[in-house]
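K.L.:
Show me the folded form of this:
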Amino acid sequence: MNLIETEKFAKEHFRVLDKQEYDWNILHSECIIEILIILSKDYEAINLEKLKALVYIHDIGKIIQEENHAKLGLEI
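P.N.:
Okay, the predicted model is just below:
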């Protein structure tokens with residue numbers, strides 16, 4: 001999946017959460033991406049597009065449950 005597909009995937013799947021949780025997860029991802037852009041400026045070898053895509057899905061397990069969401073996300 002590329003960045004656009006991954007962002008779309010995350011936004012579609014996070015829709016099962018209530019609006020506040022959905023908004024938080026999208027905002028959280030966007031904030032991480034902003035920080036990632038700042039921190040990666042000094043590293044030419046970083047594939048920023050792949051890292052941005054990973055940011056969008058890093059909490060995807062929350063669509064199943066909050067507890068153990070990291071492990072659950074690996075199964076999605």
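K.L.:
from here on, contacts and neighbour counts on C-alpha atoms
P.N.:
Fine.
K.L.:
and the top helix by length along the chain, what's its mean pLDDT?
P.N.:
Looking across the chain with DSSP state H, the single longest helix is helix 19-40. Helix 19-40 shows a mean pLDDT of 96.
K.L.:
who touches that helix?
P.N.:
For helix 19-40, contacts defined as Cα atoms under 8 Å, 6 or more residues apart in numbering pick out 11, 14-15, 46, 48, 52, 55-56, 59.
K.L.:
Would you mind checking those for buried ones?
P.N.:
11, 14, 48, 52, 55-56, 59 (16 or more other Cα atoms under 10 Å).
K.L.:
coming back round to it: farthest-separated two in the contacts of helix 19-40?
P.N.:
Among the contacts of helix 19-40, the pair separated by the greatest distance (Cα to Cα) is 15 and 46, at 30.4 Å.
K.L.:
Looking at residue 9 now. What's its pLDDT?
P.N.:
For residue 9, pLDDT reads 95.
K.L.:
From residue 58, how far off is it?
P.N.:
Note on residue 9: its distance to residue 58, by Cα to Cα, to the nearest Å, is 12 Å.
K.L.:
Ok, residue 17 next?
P.N.:
Residue 17 is 16 Å from residue 58, by Cα to Cα.
K.L.:
count of neighbours near residue 76?
P.N.:
If you count neighbours by other Cα atoms under 10 Å, residue 76 ends up with 10.
K.L.:
what's the closest non-adjacent residue to it?
P.N.:
Once flanking residues are discounted, residue 76 sits nearest to residue 61: 7.2 Å by Cα to Cα, 6 or more residues apart in numbering.
K.L.:
My guess is the one you found contacts residue 14. True?
P.N.:
No. The pair residue 61 / residue 14 is not scored as a contact, 9.4 Å apart, by Cα atoms under 8 Å.
K.L.:
what about stretch 65-76, distance to the chain center?
P.N.:
Mean-position distance between stretch 65-76 and its chain equals 13 Å (Cα atoms, centre = their mean, to the nearest Å).
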